[in-house]
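**Q** Pasting a predicted model and its sequence here:
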Amino acid sequence: MELQLLLQAVHLRYQHDFRQYAPASMRRRMRQAMDGLGFARLSDLQHAVLRDEALFNCLLQYLTVQVSDMFRDPGYFLALREQVLPELATYPSLKLWVAGCSRGEEVWSLAVLLHEAGLLERSIIYATDINPQALQQAESGVFALERAAQFERNHRLAGGHGALSAHWHAGRDTLVFKRSLRRQIVFADHSLATDAVFSELHLVSCRNVLIYFDDALQARAVGLFREALVRRGFLGLGGRETLQFGPHAPAFRALPGLPAEVRWYQRL
C-alpha cells in the first residue's frame, strides 16, 4: 500500500506512471533505490522526492532498466537482417520505432544494420524512453571504448558486414557513432503507460520492457504497437516476452523457423 501511494504521488507530481509495473520488480528496485539514496523508510523517500526534482531524477535511474549492448542477442538481429529486411526493402520509405531505447545501444545497432542493407537513407527511426538522462546518453552516440570488442563480436554474430568500427570515431576512452547515422534518428520522451502512439510504422522493436509491466499494461503497450503498425509490419520482442496469451495475439503471427529465444511477429 505504501509503495502504491508513492507511485501515485510520483505520477501526480512528475507525470511518470509506474503504477502498473510488475509489483515484485518494482519492490525490488525501490529497495535498491532506498539503499542507494540513503533512506530507511519509504515514507521518508516519498517526502523528499516530492520536494526535490533532482532527487526524483536520481530515483528514476533505479526505476528504469538500462542494461543493453550493441547487437544484444545477435540472433535477433540476424533474423531481422535475413527475414524482416527483405520485405521492408520493398517499401519506398520506412518508419521504425525503438520503444524503450534506454542508452541507445539498440537504436544505433538498428541504424548500422539499415545502413548495411542500403535502407538507412530512406528510413526514419524513432527512439523513445521515459528516462531523460538515458535519452541524452542515447542521442550522444558516445560509449566506453572498452566495450568495443564486445560490440564487434556481437556485430559479427548478427551477420554484420565489415568492421563495426567503420561506423564510429574512436577517442582515448570513448567511441562516438558517426553523424551520418544520427541524421535518420529522432529521439523523444515517450511513456508506454500514458502516451499515444506513432502511426504508419513498418517496424517496432521493444525488447525486455514488457517483462516489467503487469498484464494490463502489457496489453496497453501491445495495443499501441498494433495500432501503430501497418498491415504486414513487424514487431520484435525480448526472448522472455510473448504475445501468445495476450488479447492482441490474433492480430499477429510469429515468424516461423526462428530459435525459441528470438521473437519476431508480423501484423496481420
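**A** Sure thing, it's come through.
**Q** CA only for contacts and neighbour counts going forward, please
**A** Noted.
**Q** isn't Arg226 right next to Pro250, touching?
**A** No: counting by C-alpha atoms under 8 Å, Arg226 does not reach Pro250; the two are 10.7 Å apart.
**Q** which of these two has more neighbours?
**A** A direct count of neighbours by other C-alpha atoms under 10 Å for Arg226 and Pro250 places Arg226 higher, at 25 against 12.
**Q** Could you give the number of residues near Gln32?
**A** Neighbours of Gln32 (other C-alpha under 10 Å): 15.
**Q** same check, this time on Arg253
**A** Neighbours around Arg253, by other C-alpha under 10 Å: 17.
**Q** which residues touch Met70?
**A** For Met70, the contacting residues are Glu105, Glu106, Trp108, Ser109, Phe151, Asn154, His155, by C-alpha atoms under 8 Å, 6 or more residues apart in numbering.
**Q** possible to save the residues you listed as JSON lines with secondary structure, neighbour count and distance to Ala22?
**A** Below are those laid out as JSON lines (DSSP: H, G, I helix; E, B strand; the rest coil; neighbours: other C-alpha atoms under 10 Å; distance: C-alpha to C-alpha, whole Å):
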{"residue": "Glu105", "secondary structure": "helix", "neighbour count": "22", "distance to Ala22": "25"}
{"residue": "Glu106", "secondary structure": "helix", "neighbour count": "25", "distance to Ala22": "23"}
{"residue": "Trp108", "secondary structure": "helix", "neighbour count": "24", "distance to Ala22": "28"}
{"residue": "Ser109", "secondary structure": "helix", "neighbour count": "19", "distance to Ala22": "28"}
{"residue": "Phe151", "secondary structure": "helix", "neighbour count": "19", "distance to Ala22": "31"}
{"residue": "Asn154", "secondary structure": "helix", "neighbour count": "21", "distance to Ala22": "30"}
{"residue": "His155", "secondary structure": "helix", "neighbour count": "25", "distance to Ala22": "32"}
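**Q** what about Arg153, distance to His248?
**A** Using C-alpha to C-alpha, to the nearest Å, we find Arg153 at a distance of 36 Å from His248.
**Q** quick one, helices of the stretch 101-250 of the chain?
**A** 105-116, 132-140, 148-157, 179-182, 215-228 (DSSP state H, counting those that start in this stretch).
**Q** how far off helix 105-116 does the second one point, in degrees?
**A** With axes from the mean of the first three to the mean of the last three C-alpha atoms, to 10 degrees defining the directions, helix 132-140 sits at 20 degrees from helix 105-116.
**Q** for helix 132-140, packing partners?
**A** Applying 3 or more C-alpha pairs under 8 Å, 6 or more residues apart in numbering; DSSP states H and E, we find helix 132-140 packed against strand 185-189.
**Q** what are the pairing partners of the strand it packs on, and which direction each?
**A** Partners of strand 185-189 in the sheet, by DSSP bridges, are strand 123-129 (parallel).
**Q** Pull out the buried positions in the strand it pairs with.
**A** Under the neighbour-count criterion of 16 or more other C-alpha atoms under 10 Å, strand 123-129 has Ser123, Ile124, Ile125, Tyr126, Ala127, Thr128, Asp129 buried.
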